[in-house]
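Colleague: give me the fold of what follows.
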Amino acid sequence: QAEAESAARRAAEVAAQAPGAAPGEAGARSPAQTTPDLRVRIDSPGIVGSINLTGARFDYVELRNFRETVEPDSPRVRILFGRDTPTPHFVQFGWTSPDASVRVPDVNTQWQTSSTALTAGRPVTLSWDNGDGLLFELIVRVDDNFLFTVEQRVTSSRDESVTLRPWGRIRREHTPVTAGNYILHEGLVGVFGGRLTEQTYSTARDEAQKNSGISFRHEGRGGWGGFTDKYWLSALLPDQTRQTEFAFRVLPEEGQNRFQIDFLGEPKQVRSGLADSARNHFFAGAKQVSLLDRYSAQLGVEGLDKAIDWGWFYFLTRPFFSALHFLHEMTGNYGVAILIFTFFLKLLFFPLANKSYKSMGKMKLLAPQMQELKEKYKEDPQKMQQEMMALYKREKVNPVSGCLPIIIQIPVFFALYKVLFVTIEMRHAPFFGWIRDLSAPDPTNIFTLFGLIPWDPTILPVIGPFLHLGIWPLMMGATMYFQQKLNPAPPDPVQAKVFQFMPIIFTFMLGTFPAGLVIYWTWNNLLSIAQQWFMMKRVAQQPAAAKT
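Modeller: Here you go, the predicted model:
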C-alpha cells in the first residue's frame, strides 16, 4: 500500500509538470535522474556557477568577490542551490499555453546549448525543439556583476498560429534560517505599482492558506519581486513595458514549504515563419546600493533599492548612506567616514545643542536655590512647584531643554544603526587595529581578558548574551559617564540613581551592537563633552549668572 501511495504521488507530480501548466503548478519535484546533469559553466567577473540543462535551471551561483567571513580563504557566498542540496533555491524561465495539445518545455526537458560556458560579453543560447513545429530558445547573457538577461524566443513552422505566454520564477524549496531581527526584513519582497510589498516566510504561509496557495498577487505593467536576505537578493525583473501577472506562492509538500515568486507575461500569437521573443532579467547577488540604482535606471525598474531594508526613516537612512559612501570614497575607510560624518552632524546641530547646554548650565547654577525651595516648601508640594516654575520663568530657564540633544539623536542614531546593519558596503569593512568588520560587534572581550583566557562566556545560559564587552563599548560607557557628570543632577533622588546606572546599562547593551555604531556613539560623546564643557564654562563666567 505504501508503495502504491508513493507511485500515485509521483504520477501526480508528473501530471503537474504537464505542458500548459501555470507557473505555480509546474515544477514539482521530479523523479530522480538516472543520468548526470549536463551543465553550462558561468564565469564572469562577478559570478561563478552553472546552469543545469535539465529544465534550464539556474541553480548554482557563487559570488566571486564575497566571502562568508573576513578570512580571505573562507568559502565564497553562494546564492542559488540545486535540488540535490538541502536548501534548493533556483531560477527558471519557460512558456505556457492555453492549448493543452501544444508541447512546451517542462522541468524535465533536456535543453541543447550553443556553448559550454557563459561569460560576460559572450551569450549562450539554450534550445529545444518540441517536434511539432516550435523551436524554443533561451538566449542568456550575464554582465560583469549580478544581472542575467534572458531572452525567451519562439520560432514557429506550424501552419496555424499558437498562443503562448512566457513566464519566469524563483523557487526556494525550504524555509531559510533568518536572523529574526524585528528591524530587518528577510523573506519575500517586491515593488508593484510603486508600492513596497514585504512578507516574511511565516506571513506568506498564513496568507497562502487563506488564498489557495497564493499569498500575494499583482497584475499590471512592470514591477519586480524576489527573495531578500540581509545582504543578498534573488529577484525577477521582467520587461517593464509590458503587462505581467506577479504572484507570491507557498506550495506545501509533506510538511515542507516551497516558496515561489513568479510572473506570467502577456499572451502572444506565434505565427508560421515568424519568431516572437520576450526579454526579461533576474538579479542574483549582493545588494550593493550603486548596482541596484544603476539597474533601476538602466531597466526602468522602480524602487529596486528598496530591496535593502532602509526602514521607516528612509528619508534619513538613504542620505546618511550616500554621505558615508562619499566620505569613504575620499578617505578609503568607512570608520574614518563615520568620524567625519559625526563631526558634521555636530556642526549642523551646533546652535540647538548650545542653547540646550546653556540651559543646563543655568540649571546647575540654580541648584542651590532649588534645594532651598524644596526645604522651605517640603510640606506643600503644590506651592513648591509654583515657586520652582516662577524661578525658571524669572531666570529664563527651560528645565526640559537639556533633553533636546538626546531626543534629536534618537532618530539619527537609529538611522545610522540601520545603515551600518543592513548595507553590504559596511560588511567586512575594516577600521583600525582589531576592528576588521564595522558591521560586527567589537571582537575583544573583557571577560576573557581580551583573549588571554581561552573560553567563550557568551555560551553560558541566561547571562551569556551580556558577557561580550569589548574595548570600544567600554570607551563608550566611560565617555557617557563623564558626559553625565557635566549635566545637573535630577531633582528626584530616585531619578538620579537611575541616571547613574544608565552608562553601565548602555555599555552592556552596545556590547553586541555593530562596532561602527559604537565608534559613532563614542566619538559623538567626546564631541558633546567638549562642546558642553565649553558652553557651561561660558555660562558660569557670565556676570549675570555669577550674580544669580
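
Colleague: where do the strands of the stretch 251-400 of the chain begin and end?
Modeller: Counting by DSSP state E, counting those that start in this stretch, residue ranges of the strands within the stretch 251-400 of the chain are 256-264, 268-270, 275-286.

Colleague: ok and the first one relative to strand 275-286, angle-wise?
Modeller: For strand 256-264 against strand 275-286, the angle by axes from the mean of the first three to the mean of the last three CA atoms, to 10 degrees is 130 degrees.

Colleague: could you redo the strands of the stretch 251-400 of the chain as a markdown table and give each row mean neighbour count and mean pLDDT?
Modeller: No exception for glycine: its C-beta is placed from N, CA and C like everyone else's. Formatted as a markdown table, the entries for these read as follows, by neighbours: other CB atoms under 10 Å; pLDDT from 0 to 100:
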| stretch | mean neighbour count | mean pLDDT |
| --- | --- | --- |
| strand 256-264 | 21 | 91 |
| strand 268-270 | 17 | 90 |
| strand 275-286 | 21 | 92 |
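
Colleague: can you put the ones you listed in CSV and add distance to Tyr201?
Modeller: CSV is the format used below for those (distance: least, CB to CB, whole Å):
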stretch, distance to Tyr201
strand 256-264, 7
strand 268-270, 34
strand 275-286, 19
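
Colleague: mind checking these for the one nearest to Leu38?
Modeller: Ranking those by proximity to Leu38 (CB to CB) places strand 275-286 first, at 20.9 Å.

Colleague: name the helices or strands packed onto the closest one?
Modeller: Counting contacts by 3 or more CB pairs under 8 Å, 6 or more residues apart in numbering; DSSP states H and E, strand 275-286 is packed against strand 57-67, strand 76-80, strand 89-96, strand 147-156, strand 162-172, strand 232-237, strand 268-270, helix 289-299.

Colleague: to Pro430, which of the ones you listed lies closest?
Modeller: Shortest separation from Pro430 across the helices and strands packed on strand 275-286 is recorded for strand 57-67, at 13.8 Å, computed as CB to CB.

Colleague: residues in contact with the closest one?
Modeller: Contacts to strand 57-67, defined as CB atoms under 8 Å, 6 or more residues apart in numbering, come from residues 39, 42, 44-52, 74-83, 88-92, 107, 146, 148, 282, 284-286, 428.

Colleague: next: stretch 328-343.
Modeller: Contacts of stretch 328-343 from elsewhere in the structure, counted by CB under 8 Å, 6+ apart, are 320, 323-325, 327, 416, 425-426, 429-432, 435, 438, 516, 519-520, 523-524, 527.

Colleague: surely Thr109 and Ala56 touch.
Modeller: Yes. Taking contacts as CB atoms under 8 Å, Thr109 lies within contact range of Ala56: 7.1 Å.

Colleague: of these two, which one has the most company?
Modeller: Set side by side, Thr109 and Ala56 give different neighbour counts by other CB atoms under 10 Å, the larger being at Ala56 (25 against 19).

Colleague: which element follows the helix or strand where Val498 lies toward the C-terminus?
Modeller: Under the criterion DSSP states H and E, the helix or strand holding Val498 is helix 493-509. For helix 493-509, the succeeding helix or strand toward the C-terminus, using DSSP H and E, is helix 515-541.

Colleague: show the average pLDDT along that next one.
Modeller: Over the span of helix 515-541, the pLDDT mean works out to 82.

Colleague: list the buried residues in it.
Modeller: Of all the residues in helix 515-541, those buried under the rule 16 or more other CB atoms under 10 Å are 515-529, 531-532, 535-536, 539.

Colleague: again, but for stretch 338-347
Modeller: Neighbour counts using 16+ other CB under 10 Å place 338-342, 345-346 of stretch 338-347 among the buried residues.

Colleague: in a markdown table: these, plus distance to Met475 and pLDDT.
Modeller: Putting these into a markdown table (distance: CB to CB, whole Å; pLDDT from 0 to 100) gives the following:
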| residue | distance to Met475 | pLDDT |
| --- | --- | --- |
| Ile338 | 15 | 93 |
| Leu339 | 14 | 94 |
| Ile340 | 19 | 95 |
| Phe341 | 19 | 92 |
| Thr342 | 15 | 89 |
| Leu345 | 19 | 85 |
| Lys346 | 18 | 83 |
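
Colleague: for Asp206, state which of those is nearest.
Modeller: Here the nearest of those to Asp206, counting by CB to CB, is Ile338; it sits at 39.8 Å.

Colleague: touching, Gly222 and Gly300? I think so.
Modeller: Yes. Here Gly222 reaches Gly300: they are 7.3 Å apart, a contact under CB under 8 Å.

Colleague: okay, and the common contacts of those two?
Modeller: When contacts are counted by CB under 8 Å, 6+ apart, the set common to Gly222 and Gly300 consists of 240-241.

Colleague: neighbour-wise, which of these two wins?
Modeller: Gly222 (21 against 12).

Colleague: got the contact list for the more buried one?
Modeller: Under the criterion of CB under 8 Å, 6+ apart, the contact list for Gly222 reads 238, 240-241, 244, 300-302.

Colleague: cool, and Asp380?
Modeller: Neighbouring residues of Asp380 by CB under 8 Å, 6+ apart: there are none.

Colleague: mind redoing it with 10 Å?
Modeller: Under the criterion of CB atoms under 10 Å, 6 or more residues apart in numbering, the contact partners of Asp380 comprise 386-387.

Colleague: relative to Leu373, how far out is it?
Modeller: In this view, Asp380 and Leu373 are 11 Å apart by CB to CB, to the nearest Å.

Colleague: common neighbours of the two, please.
Modeller: Both Asp380 and Leu373 are contacted by 386-387, under the criterion CB under 10 Å, 6+ apart.

Colleague: can you list the buried residues in stretch 137-145?
Modeller: Along stretch 137-145, these residues count as buried under the neighbour rule (16+ other CB under 10 Å): 137-143, 145.

Colleague: next one: that stretch to chain centre, how far?
Modeller: Its chain's C-alpha centre lies 26 Å from the corresponding centre of stretch 137-145 when counted by CA atoms, centre = their mean, to the nearest Å.

Colleague: repeat for stretch 271-278
Modeller: Mean-position distance between stretch 271-278 and its chain equals 41 Å (CA atoms, centre = their mean).

Colleague: ok, now stretch 344-351?
Modeller: Here stretch 344-351 is found 29 Å from its chain centre; the criterion is CA atoms, centre = their mean.

Colleague: same thing with stretch 227-247?
Modeller: What separates the centre of stretch 227-247 from the centre of its chain is 15 Å, taken as CA atoms, centre = their mean.

Colleague: repeat that for stretch 171-180.
Modeller: From the chain centre to the centre of stretch 171-180 is a distance of 14 Å (CA atoms, centre = their mean).

Colleague: quick one: end-to-end length of that stretch, please.
Modeller: Between the opening and closing residues of stretch 171-180 we find a distance of 22 Å, counting by CA to CA, to the nearest Å.

Colleague: what about the protein, any weak spots by pLDDT?
Modeller: 1-36, 254-255, 355-361, 364, 398-406, 409, 488-492, 495, 536, 539-548 (pLDDT under 70).

Colleague: and for it, the residue most distant from the center?
Modeller: The outermost residue of the chain relative to its centre, with distances by CA atoms, centre = their mean, is Lys376 at 58.4 Å.

Colleague: gap between that one and Pro123?
Modeller: When CB to CB is applied, the distance between Lys376 and Pro123 equals 88 Å.
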